[in-house]
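Trainee: All I have is the shape, not the residue letters:
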């Protein structure tokens, strides 16, 4: 059975704030201090237990980079950082909070194990038989993570080529990663066991403050462009090569990521001239689009990168 969200706890390297009443903690001040204080610029997670759901905030070097939420401890969803922070009232009467340091690999494992579908175990494999589980992982040369939910704790054992190399455990105890896993798979614990591939790096969202700044900046830009047009028509400093007139395609700004500044300039111009529907495909390395209504669209990196030869 899945663990109730109120009982979940994860491995921790160092406790910065033990689980305490949310009424005694101002979350935004806590996160602001984490960014300003050099000693607090840590890799960590913040758990916020609200009456109806559990929020997890993931931090890298003291900066919140991602967030998830769950109502039952089993089904998680990714959240925009701004939405997650907005769920926490400034003067909460109910709820708890904790702030724990954790390894960056653990943070990535926590995030991806919450938002992805696990690898299926063979139907005939008994998951409370530690020897059988380890034999299967060794035979398949598995690279990835075994997640074990037991006694209210979430544990992760990292495997490389079928061998347990390290682990992140909710409770402190002696023994190697394999020995700890064998103990967790004891039938008396009635553990829930899931299998995952090697997790990618923890994804980083655009900070809410940057999105707000873009919106405010682009609102001013749109207003200025509208005022500078001819006969009321908006004008743009980039000319449409097809007409020679100022380009206005519904995008007022396109920022591109690329291996070189030259390519970034090329991709951003292509995106701006392509319009809102085609622009994301013109940003293979990702970027940010600002539309004429003030909306900001973040474009993720495409899986297949283009090969572009630049003539000398």
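Mentor: Perfect, I can see it now. All values derive from a computational prediction rather than experimental measurement.
Trainee: Return the helix or strand in the protein with minimum mean pLDDT.
Mentor: When the helices and strands of the chain are scored by mean pLDDT, DSSP states H and E, helix 208-228 comes last with a mean of 63.
Trainee: Which SSE is immediately downstream of it?
Mentor: The helix or strand immediately downstream of helix 208-228 is strand 251-256, counting by DSSP states H and E.
Trainee: In its sheet, which strands sit next to that following strand, and in what direction?
Mentor: On the basis of DSSP bridges, the sheet neighbours of strand 251-256 come out as strand 287-291 (antiparallel).
Trainee: Pull out the buried positions in the partner strand.
Mentor: If you call a residue buried by 16 or more other C-beta atoms under 10 Å, then strand 287-291 has these buried ones: 287-291. Just so you know, the C-beta spots here come from the backbone N, C-alpha and C atoms, and that holds for glycine as well.
Trainee: Check stretch 86-102 too.
Mentor: Applying a neighbour-count criterion of 16+ other C-beta under 10 Å, the buried positions in stretch 86-102 are 88, 92, 95-102.
Trainee: same deal with stretch 250-267?
Mentor: 251-258, 263-264, 266-267.
Trainee: Could I get the average pLDDT for it?
Mentor: Along stretch 250-267, the predicted local confidence has a mean pLDDT of 82.
Trainee: Ends of it, what's the gap?
Mentor: In stretch 250-267, first residue to last residue: 17 Å (C-alpha to C-alpha, to the nearest Å).
Trainee: From residue 67, how far out is residue 74?
Mentor: 18 Å (C-beta to C-beta, to the nearest Å).
Trainee: ugh, wrong one, I meant residue 202
Mentor: In this structure, residue 202 and residue 67 are separated by 11 Å, where distance is defined by C-beta to C-beta.
Trainee: Mind listing the shared neighbours of those two?
Mentor: Counting by C-beta atoms under 8 Å, 6 or more residues apart in numbering, the common neighbours of residue 202 and residue 67 are residue 58.
Trainee: Of the buried residues of stretch 250-267, which pair is most distant in space?
Mentor: Spanning the widest gap among those are 252 and 263, at 21.7 Å by C-beta to C-beta.
Trainee: The nearest residue to residue 283 once chain neighbours are set aside pairs with what?
Mentor: Taking C-beta to C-beta, 6 or more residues apart in numbering as the measure, residue 283 lies nearest to residue 299, with 4.6 Å between them; neighbours along the chain are not counted. On DSSP bridges, the residues paired with residue 299 through beta bridges are residue 287.
Trainee: Any figure for the gap between residue 299 and residue 254?
Mentor: Taking C-beta to C-beta as the measure, residue 299 falls 9 Å from residue 254.
Trainee: shared neighbours, these two?
Mentor: For the pair residue 299 and residue 254, residues contacting each of them under the criterion C-beta under 8 Å, 6+ apart are 279, 283, 287-289.
Trainee: Turn these into TSV, including distance to residue 179 and pLDDT.
Mentor: Converted to TSV, these look like this (distance: C-beta to C-beta, whole Å; pLDDT from 0 to 100):
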residue	distance to residue 179	pLDDT
279	54	88
283	48	90
287	48	89
288	48	90
289	52	88
